[in-house]
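K.L.:
I'd like to go over a predicted model; first the sequence, then the structure.
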Amino acid sequence: MIESLKSVTPISIEVLTKKGEMSIRWADEVTHVYSLFGLRKNCPCVMCRGGHELMDQFEPGFFLVDPSLTTGGKDLRIEKILPIGHHAIRIYWSDGHNEGMLRYENLRYWGEWIERNKNSDQE
Ligand SMILES: [Zn+2]
C-alpha cells in the first residue's frame, strides 16, 4: 500500500460513548481522537452546512470544545457507523440525523488539525 493511501485508510474505528469521543486508527499507525460534538457540528451534509456552496467549509474549532460544556455533547451518541465504499463513513446519530458522509480524507485532515491545535492555549 502506498504511503499516502495508508493515511486515509482506517484499521479500526472506535466509539467511546462515555467520553463523548470517537477514535480512528489509520493504516500508518497514527491514531486520531475526535469529540462527538465536533463531528456532529461538522456534519458535511447540505442541511448542516447551510447550502451547497458551503459544503466544503468546516469549523474544526468545535473539536476543541470540551463536550461537558455543551448541551449538544451531553446526550449525543453514535448509534451506528456504516462504511461507504472505501472512502467514507456514514454516522447514525442519536438525534436521528444520518445525512452526512464523512470522507476519510476530511477525517484525516481534522485529526491532524486537532493534534496541531489542541494544546495551543496551554503553551
Ligand atoms: Zn448533517
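P.N.:
Noted; the coordinates are in hand. Here the structure is a predicted model, which means the values were calculated and not measured. Numbers count the residues shown, from 1 in each chain.
K.L.:
quick one: contacts for residue 31?
P.N.:
Contact criterion CB atoms under 8 Å, 6 or more residues apart in numbering gives 23-25 as the residues in contact with residue 31. The C-beta positions use only the backbone N, C-alpha and C, and glycine is treated the same way.
K.L.:
repeat that with 6 Å
P.N.:
With contacts defined as CB atoms under 6 Å, 6 or more residues apart in numbering, the neighbours of residue 31 are 23, 25.
K.L.:
what pairs with it across the strands?
P.N.:
Listed beta-bridge partners, residue 31: residue 25 (assigned using DSSP bridges).
K.L.:
Would you mind measuring from it to the ion?
P.N.:
If you measure residue 31 against the ion using CB to the ion, to the nearest Å, the figure is 25 Å.
K.L.:
same thing with residue 58?
P.N.:
When CB to the ion is the yardstick, residue 58 and the ion sit 12 Å from each other.
K.L.:
these two touch, right, that residue and residue 42?
P.N.:
Yes: in this structure residue 58 lies within contact range of residue 42 using CB atoms under 6 Å: 4.9 Å.
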